[in-house]
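Visitor: Could you look at this predicted model? Sequence included:
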Amino acid sequence: MVTRRELLERLGAAALGAGLAPLRRPSPPAPRQTPAPDVELELTAGLATSQILPGPATEVWRYSGRVVRGPAESLSQVRDSYLGPTLRLRQGQRVRIRFQNRLPDPSIVHWHGLDVPEEADGHPRLAVPGGREYVYDFQVTNRAGTYWYHPHPHMQTGPQVYRGLAGLLIVSDDEERKVGLPEGAQELTCVLQDRRFDAKNQFVYSTAMMDMETGMLGDRVLVNGRLRPEWSLGTRAYRMRVLNGSNARVYKLEWSDGTPMTILGTDGGLLSGPVTRKFVTLAPGQRLDLFLDLSKRPVGQTIELRSGAFPTADAGLDMGRAMGGMGRGMGMGMMGGGGGAAALGSPFSLLSLRVARREEGSSRLPERLSVLGPAWQPAPAAPVRRVPLTFQQMAWFIDGRAFEMADVAPAETVAAGSTAQWEFVNAGGPMGMQMAHPIHMHGRQFRVVSRSGAGPSNALRDGLVDDGWMDTVLVLPGETVRVQVTFSRFQGLFLYHCHILEHEDMGMMRNFRIA
Ligand code: C2O
Ligand code: CU
Ligand code: CU
């Protein structure tokens, strides 16, 4: 286990840029000063197998866990899945999580969307080698919402998530409980991930330049680790929490029969009231809270959740221009990734929902859902920082810089509790190398203040939901998106990055320091 002293030394070493040599010096266990937690969990990352396709089982990396102290519902397994257990926490709880790394590689867990102290945020410089433990202590201060957890080791986040390391972290609070949304068996969770398989049913992770550029796309899309599952439901209203846990794929989510999507919430919890869209654009890292009323449907009917078609260029590299401009000899089969991946924008069905039985129950859709809070108000006096997203010499950059473990530029240093507007400018690069980048900031939920550029011709535009708290925002090709964020009270080094995990691993990530 990593003692507090060791940790502080490591944080200090990283801050000085003194390198990353893990400190293995034995030190006596430091006495804990933190009060006893309300919830204590053990979370282990290890090797496992999962029956995904007919035939041989797939080797996966998997989180497993158990409740050491606190309510039993703090942790529940996802049936028949490589996904990690779903963690259910309540606002205000003090949580301790003992993470055991039983992988052959270093790893560290990040609680995506949670506002936690620096040493609990899973920065890559805190990664522990296989066989060691890392203890997280934090209090849940976030509002109710659908968050998630995944590894964050240096340059290995993409492959580790791809092998199966990810899970949901659901926070509830009093405000949400009073709304009376569908719960229990009427609350569904749905994690979308695409994978490529070889002839023996094993995951293929390609590091071909093409796949690094678009991000790793699979040829099959899994829901909770299953291929196109069918769920039997009753004639009730359902709440459906959706996570795009894919490395790189953007979805254009819609119901197969044209029913509008009713959106209750985004990354950082409920909206002030429900909104509807014909389809919803969901980028890697983002979450969506949906409402689906099946109360008036006949038993026997099936409705599918699917991803609709859109032009590859609206989310991904414009291959036509890229190939023409760069003179690369790529065939049409390589569109959207080599090795037979389904192109970005190709349509497919994700999940079938079958109305299997008649059931009585309320199907009321509440008009008001939540109060977004004072921080939601526009702060026109807040400093604006322009953050260009660019592509140069086969690499992606944020504000002209690539990731360095402990490096922070002056513009990346902010005051604790201060409010700023950061404007992400998707400038792309020469020769049409342009992609949609889902930009994620650790720690705090932000709001979108404005979005311009891109043009109405982008098919994904109408599906964007900018009405709620978010920690990951999709910046379409050619777009400028301004977000407003009030930084955490926790000081230290935190990350912001593209959530296309291959872009992140290739350096499209930076630190910001809260001072
Ligand atoms: Cu979900 Cu830094 O990541
Ligand atoms: Cu995060
Ligand atoms: Cu990117």
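Guide: Looks like it arrived, so ask away. Ligands and ions are numbered 1, 2, ... in the order given.

Visitor: from here on, contacts and neighbour counts on C-alpha atoms
Guide: Fine.

Visitor: which parts of the stretch 51-200 of the chain sit against ligand 2?
Guide: By the rule CA under 5 Å from the ion, the part of the stretch 51-200 of the chain lying against ligand 2 is residue 112.

Visitor: Report the contact partners of the closest residue to ligand 3 within the stretch 51-200 of the chain.
Guide: Sorted by distance to ligand 3 under CA to the ion, the residues of the stretch 51-200 of the chain start with residue 158, at 12.4 Å. Residue 158 is in contact with 247, 501-502, 504-505, counting by CA atoms under 8 Å, 6 or more residues apart in numbering.

Visitor: beta partners for whichever residue of the stretch 351-500 of the chain sits closest to ligand 3?
Guide: Residue of the stretch 351-500 of the chain nearest ligand 3, by CA to the ion: residue 437 (4.0 Å). The residues listed as beta-bridge partners of residue 437 by DSSP bridges are residue 475.

Visitor: oh, and call the first residue 403 from now on, that's how I've got it
Guide: Yep, numbering from 403; the last one is residue 839 now.

Visitor: got a list of what it touches?
Guide: 828, 876-879, 900-902.

Visitor: give me the low-pLDDT residue ranges for the stretch 403-552 of the chain?
Guide: 403-436 (pLDDT under 70).

Visitor: Surely residue 533 is in contact with residue 508?
Guide: No: assessed by CA atoms under 8 Å, residue 533 is found out of contact with residue 508, at 9.1 Å.

Visitor: Pick out whichever of those two has more residues nearby.
Guide: residue 508 (20 against 13; other CA atoms under 10 Å).

Visitor: Need the nearest residue in space to the more buried one, chain neighbours excluded.
Guide: residue 531 (4.0 Å; CA to CA, 6 or more residues apart in numbering).

Visitor: hang on, that neighbour packs against residue 555?
Guide: No: taking contacts as CA under 8 Å, residue 531 lies outside contact range of residue 555: 10.2 Å.

Visitor: residues from the stretch 803-917 of the chain in reach of ligand 2?
Guide: Residues of the stretch 803-917 of the chain lying near ligand 2 (CA under 5 Å from the ion): residue 844.

Visitor: show me where the stretch 803-917 of the chain has helices.
Guide: Under the criterion DSSP state H, counting those that start in this stretch, the stretch 803-917 of the chain carries helices at the ranges 903-907.

Visitor: Closest residue of it to ligand 2?
Guide: Counting by CA to the ion, the stretch 803-917 of the chain gets nearest to ligand 2 through residue 844 (4.4 Å).

Visitor: Against residue 673, how distant is that residue?
Guide: 20 Å (CA to CA, to the nearest Å).

Visitor: what do you get for residue 629?
Guide: Applying CA to CA to residue 629 and residue 673 gives a distance of 31 Å.

Visitor: Which of these two has more residues huddled nearby?
Guide: Per other CA under 10 Å, whichever of residue 629 and residue 673 has more neighbours is residue 673, with 22 against 17.

Visitor: circling back to that earlier point, reformat the contacts of residue 560 as a markdown table; add neighbour count and distance to ligand 3.
Guide: Formatted as a markdown table, the contacts of residue 560 follow (neighbours: other CA atoms under 10 Å; distance: CA to the ion, whole Å):
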| residue | neighbour count | distance to ligand 3 |
| --- | --- | --- |
| 649 | 27 | 11 |
| 903 | 30 | 8 |
| 904 | 24 | 8 |
| 906 | 27 | 7 |
| 907 | 22 | 10 |
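
Visitor: How about the contacts made by residue 718?
Guide: By CA under 8 Å, 6+ apart, the neighbours of residue 718 are 616, 738, 746, 836-838.

Visitor: at 7 Å instead, please
Guide: 616, 746, 836-838 (CA atoms under 7 Å, 6 or more residues apart in numbering).

Visitor: Also residue 452?
Guide: With CA under 7 Å, 6+ apart, residue 452 has these contacts: 459-462, 483-484.

Visitor: before we move on, the earlier item: was I right to think the residue nearest to residue 508 contacts residue 510?
Guide: No: between residue 531 and residue 510 there is no contact under CA atoms under 7 Å: 8.9 Å.

Visitor: Neighbour count: the two, which is higher?
Guide: More crowded of residue 531 and residue 510, by other CA under 10 Å: residue 510, with 26 against 18.

Visitor: which residue sits closest to that one in space, ignoring its chain neighbours?
Guide: Counting by CA to CA, 6+ apart, the residue nearest residue 510 is residue 529, at 4.6 Å.

Visitor: So what's the residue count around that neighbour?
Guide: Using other CA under 10 Å: residue 529 sits among 23 other residues.

Visitor: repeat for residue 615
Guide: 25.

Visitor: does it sit in a helix or strand, and which one?
Guide: Following DSSP states H and E, one finds residue 615 within helix 611-616.

Visitor: Let me see the mean pLDDT of that helix.
Guide: Mean pLDDT, helix 611-616: 88.

Visitor: So what are the sheet partners of the helix or strand following it and their directions?
Guide: Downstream of helix 611-616, the first helix or strand assigned by DSSP H and E is strand 622-625. When pairs are called by DSSP bridges, strand 622-625 turns out to pair with strand 589-597 (antiparallel), strand 628-629 (antiparallel).

Visitor: Include distance to residue 662 and mean pLDDT when you put the ones you listed into CSV, please.
Guide: Shown next, in CSV, are the strands paired with strand 622-625 (distance: least, CA to CA, whole Å; pLDDT from 0 to 100):
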stretch, distance to residue 662, mean pLDDT
strand 589-597, 18, 98
strand 628-629, 24, 96
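
Visitor: Cross-check the contact I'm expecting between residue 574 and residue 492.
Guide: Yes: counting by CA under 7 Å, residue 574 touches residue 492, with 4.9 Å between them.

Visitor: As a check, name the ranges of all strands in the stretch 403-552 of the chain.
Guide: With strands called from DSSP state E, counting those that start in this stretch, the stretch 403-552 of the chain shows them at 441-452, 460-471, 477-478, 488-492, 496-503, 511-514, 535-541, 547-553.
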